[in-house]
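Enquirer: 3D, please:
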Amino acid sequence: MKFSELVRLLEDSGFKIVKQKGSIRYYRKAGWNKLIRVDYHGSKEVPTGTCHAILKAAGIKK
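Expert: Below you'll find the model as predicted:
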């Protein structure tokens, strides 16, 4: 999965970007008490473990 696909999946699940510093983006969803951190690198592939950790933190099953 590419970083852009991962971000699209987060946004489709209701997450919105709340803060960005350089390539690091933080997403939040109403009713969700955690910030989701994504080190955004566009069209590069997300490492498998990183992808699973982000989806798990966001509560998304894939």
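
Enquirer: hey, let's count contacts and neighbours off CA atoms from now on
Expert: Noted.

Enquirer: for this protein, which spans come out with low pLDDT?
Expert: 62 (pLDDT under 70).

Enquirer: Recalculate using a threshold of 50.
Expert: For the chain, no stretch has pLDDT under 50.

Enquirer: Do you have the strands of it handy? List them.
Expert: 16-21, 24-28, 36-39 (DSSP state E).

Enquirer: The second one packs against which elements?
Expert: Contacts defined by 3 or more Cα pairs under 8 Å, 6 or more residues apart in numbering; DSSP states H and E place strand 24-28 against strand 16-21, strand 36-39.

Enquirer: Partner strands of the longest one, with direction?
Expert: This means strand 16-21. With DSSP bridges as the test, strand 16-21 is paired with strand 24-28 (antiparallel).

Enquirer: Give me the contact list for the strand it pairs with.
Expert: 15-20, 34-40 (Cα atoms under 8 Å, 6 or more residues apart in numbering).

Enquirer: what's the answer for stretch 39-58, then?
Expert: Contact with stretch 39-58 is made by 1-4, 6, 10, 23-25, 34, 36-38, 61-62, as judged by Cα under 8 Å, 6+ apart.

Enquirer: start to end distance for that stretch?
Expert: End-to-end distance for stretch 39-58: 15 Å, by Cα to Cα, to the nearest Å.

Enquirer: Same check on stretch 19-31?
Expert: For stretch 19-31, the separation between the terminal residues is 17 Å (Cα to Cα).

Enquirer: mind checking how far it is from the chain centre?
Expert: In terms of Cα atoms, centre = their mean, to the nearest Å, the centre of stretch 19-31 is found 8 Å from the chain centre.
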